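Colleague: Just need the structure, nothing else, for what follows:
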Amino acid sequence: MNHEAVIGLEIHVQLRTRSKIFCGCPTAYGAEPNRQVCPVCLGLPGALPVLNEEAVRLTVMAGLLLGCQIRRFSKFDRKNYFYPDMPKNYQISQYDLPLCVGGGLEIETPAGPKTVRLRRIHLEEDVAKNLHFEQASGVDFNRAGTPLMEIVTEPDLASADEALAFLQALKRILHYGGISDCNLEEGNVRCDVNVSVRPAGSAALGVKTEIKNLNTFRGVHRALTHEIRRQTELLAGGGRLVQETRRWNDELGVTEPMRTKEEAHDYRYFPEPDLMPVVLDEARIEQWRAALPELPAVRRARFVAEYGLPDYDAEVLTADREVADFFEAAARRCGRPKAVSNWIMTEVLRAMGERGVGIGALRLTPDALAELVKVVDRGAISALRGKEILAELIERGGRPAEVIERRGLAQVSDEAAIEAWAAEAIAAHPGPAEEYRRGKAAALQFLIGQVMKLSRGRANPKLAGEALRQRLGRAG
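Modeller: Just a heads-up that it's a prediction; the model follows:
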């Protein structure tokens with residue numbers, strides 16, 4: 001019997017706020033363990049939470065970007081459980097009245113566009129981080145209380161590839177909106193996966209397995225691929241699935257059982273008595289709606305229409321908001337969008353990849369790149385020299401004119417100088433010169449290379465070719 005997978009995701013996203021959700025402790029990554037804590041996020045008796053308005057704004061902004069209905073009235077609840085990473089023995093979350101409901105996100109699949117529906121987006125506090133050592137374990141509470149947005153999809157995904165496409169599309173939107181840094185290495189995005197299989201064409205859902213705390217998109221894809229195969233093979237062999245929670249063992253490439261799956265009533269949800277409900281008026285929601293950024297798909301289409309870029313260029317440039325902003329700034333300054341795109345997609349993105357940083361960490365500015373494009377286009381320097389200059393601008397900053405002057409790289413267009421180099425090249429290499437006279441066009445490129453060598457790369461290649469053709473008696 002053929003089986004098909006049914007997948008839903010629960011994505012936990014740390015919001016881009018300076019302080020935690022219910023206290024003033026900072027959320028900066030990388031501090032020494034247990035240094036960014038206070039009585040509130042440590043859950044000490046008598047400490048009371050105060051809601052961070054920015055966390056609410058960012059969650060609503062995410063809902064607006066994803067087409068959700070924004071609730072005018074929502075509230076917080078206590079989700080009760082005992083675990084070392086939750087000092088109060090309960091988590092402040094939202095249950096029956098979340099901030100955002102509905103909405104969806106379109107992804108590309110081999111069969112065409114597909115809309116993945118959202119069930120809800122709610123706001124909660126993050127838990128602490130368990131650290132395991134060779135003979136002991138510890139808990140770092142720096143992360144406890146960080147504003148956490150949970151996005152829950154409907155079970156609309158049908159493969160590991162679709163889940164990966166959804167996560168990548170979601171990351172782009174949240175990053176564009178300034179909702180989250182979406183840095184997987186720092187744990188900004190984590191994912192729980194609910195997956196079942198059923199006979200192909202069946203409307204009934206199969207027995208669900210939840211895979212917890214996947215912190216890389218690659219891990220989500222690998223875990224789903226394995227789990228779908230495991231469930232399918234078990235059913236095909238006459239086995240029986242049980243509803244359970246499993247963990248992903250990335251080293252072994254398998255899922256492993258953790259516990260039987262909890263239901264909502266196991267957490268004994270009840271309204272959080274120390275927080276007032278969140279009441280939003282229409283004017284405030286519309287104010288936030290007016291501040292929404294241009295979405296990646298819209299910007300991609302505009303890059304094609306406004307700048308005349310190929311679809312591929314637009315796709316690459318708009319994948320990262322900072323890169324897209326950099327491109328637009330440089331393109332508007334020099335009026336050569338395709339040339340700017342070429343430099344960014346080759347040299348600049350390579351430099352970012354080699355350093356493992358974003359474009360903002362480079363010393364290069366949009367003004368400097370725009371000036372470099374102009375300098376190369378008018379023939380003041382060769383494209384090869386342009387790459388050398390760009391490398392220095394990326395590393396040290398500055399302006400192209402300053403680098404050209406300091407390194408003596410200005411291209412020579414003086415006709416007398418180029419004539420002299422052309423004559424010297426022909427005299428030194430009579431064989432290729434004769435080959436060109438007999439019609440071998442490739443020989444001219446060799447001679448141009450010799451002129452460039454004699455001029456130490458400074459001769460204008462176009463003028464060098466013209467001088468050689470004139471001396472060799474051929475016009476073209």
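Colleague: the helices in the stretch 101-250 of the chain, which residues?
Modeller: 160-176, 217-236 (DSSP state H, counting those that start in this stretch).
Colleague: so can I have JSON lines of these showing mean pLDDT and mean neighbour count?
Modeller: C-beta: built from backbone N, CA, C; applies to glycine. Compiled in JSON lines, the helices of the stretch 101-250 of the chain are given as follows (pLDDT from 0 to 100; neighbours: other C-beta atoms under 10 Å):
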{"stretch": "helix 160-176", "mean pLDDT": "95", "mean neighbour count": "20"}
{"stretch": "helix 217-236", "mean pLDDT": "95", "mean neighbour count": "18"}
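Colleague: got JSON lines for the ones you listed, with distance to P39 too?
Modeller: Shown next, in JSON lines, are the helices of the stretch 101-250 of the chain (distance: least, C-beta to C-beta, whole Å):
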{"stretch": "helix 160-176", "distance to P39": "31"}
{"stretch": "helix 217-236", "distance to P39": "35"}
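Colleague: what's the closest of these to A441?
Modeller: helix 160-176 (47.0 Å; C-beta to C-beta).
Colleague: Stretch 223-238: how far from the chain's middle?
Modeller: 31 Å (C-alpha atoms, centre = their mean, to the nearest Å).
Colleague: got the CA positions of that stretch in PDB?
Modeller: In PDB, the C-alpha atoms belonging to stretch 223-238 read as follows (Å, rounded to 0.1, in the frame of the first residue of the first chain):
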ATOM      1  CA  ALA A 223      14.600  14.000  10.700                       C
ATOM      2  CA  LEU A 224      11.500  14.100   8.500                       C
ATOM      3  CA  THR A 225      13.100  12.000   5.800                       C
ATOM      4  CA  HIS A 226      14.000   9.300   8.400                       C
ATOM      5  CA  GLU A 227      10.800   9.400  10.300                       C
ATOM      6  CA  ILE A 228       8.500   9.200   7.300                       C
ATOM      7  CA  ARG A 229      10.500   6.100   6.100                       C
ATOM      8  CA  ARG A 230      10.400   4.600   9.600                       C
ATOM      9  CA  GLN A 231       6.600   5.000   9.900                       C
ATOM     10  CA  THR A 232       6.000   3.700   6.400                       C
ATOM     11  CA  GLU A 233       8.200   0.600   6.800                       C
ATOM     12  CA  LEU A 234       6.600  -0.100  10.200                       C
ATOM     13  CA  LEU A 235       3.100   0.000   8.800                       C
ATOM     14  CA  ALA A 236       4.100  -2.000   5.700                       C
ATOM     15  CA  GLY A 237       5.500  -4.700   8.000                       C
ATOM     16  CA  GLY A 238       2.200  -5.000  10.000                       C
END
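Colleague: residues making contact with that stretch?
Modeller: 1, 3, 5, 7, 159-160, 163, 193, 195-197, 206, 209, 211, 214, 240-241, 246, 248, 253-255 (C-beta atoms under 8 Å, 6 or more residues apart in numbering).
Colleague: Filter those residues down to the buried ones, ChimeraX style.
Modeller: In ChimeraX, this line selects whichever of the contacts of stretch 223-238 come out buried by 16 or more other C-beta atoms under 10 Å:
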select :3,5,7,159,160,163,193,195,196,197,206,209,211,214,246,248,255
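Colleague: for this protein, what helix or strand is lowest in average pLDDT?
Modeller: None of the helices or strands of the chain scores lower by mean pLDDT, DSSP states H and E than helix 400-407, at a mean of 81.
Colleague: What about the contacts of stretch 223-238, which are in strands?
Modeller: 3, 5, 7, 193, 195-197, 209, 211, 214, 246, 248, 254-255 (DSSP state E).
Colleague: Between which two of the residues you listed is the distance greatest?
Modeller: Farthest apart among the ones in strands among the contacts of stretch 223-238 - using C-beta to C-beta - are H3 and L214, which lie 22.3 Å from each other.
Colleague: Run the angle between the longest strand seen in the chain and helix 160-176 for me.
Modeller: Using DSSP E to assign secondary structure, the strand with the most residues in the chain is strand 112-125. Orientation check (axes from the mean of the first three to the mean of the last three C-alpha atoms, to 10 degrees): strand 112-125 against helix 160-176 gives 60 degrees.
Colleague: so for strand 112-125, what's the average pLDDT?
Modeller: Per-residue pLDDT over strand 112-125 has a mean of 97.
Colleague: pull the CA atoms of it into PDB?
Modeller: Provided in PDB are the C-alpha atoms of strand 112-125 (Å, rounded to 0.1, in the frame of the first residue of the first chain):
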ATOM      1  CA  GLY A 112       3.600  24.600  -8.500                       C
ATOM      2  CA  PRO A 113       2.900  27.200  -5.800                       C
ATOM      3  CA  LYS A 114       1.300  25.900  -2.600                       C
ATOM      4  CA  THR A 115      -0.200  27.800   0.300                       C
ATOM      5  CA  VAL A 116       0.600  26.400   3.800                       C
ATOM      6  CA  ARG A 117      -2.100  27.600   6.200                       C
ATOM      7  CA  LEU A 118      -1.200  28.900   9.700                       C
ATOM      8  CA  ARG A 119      -3.300  27.900  12.700                       C
ATOM      9  CA  ARG A 120      -2.000  30.500  15.200                       C
ATOM     10  CA  ILE A 121       0.900  32.700  16.300                       C
ATOM     11  CA  HIS A 122       1.300  33.200  20.000                       C
ATOM     12  CA  LEU A 123       3.700  34.900  22.400                       C
ATOM     13  CA  GLU A 124       5.500  33.200  25.300                       C
ATOM     14  CA  GLU A 125       8.700  33.300  27.300                       C
END
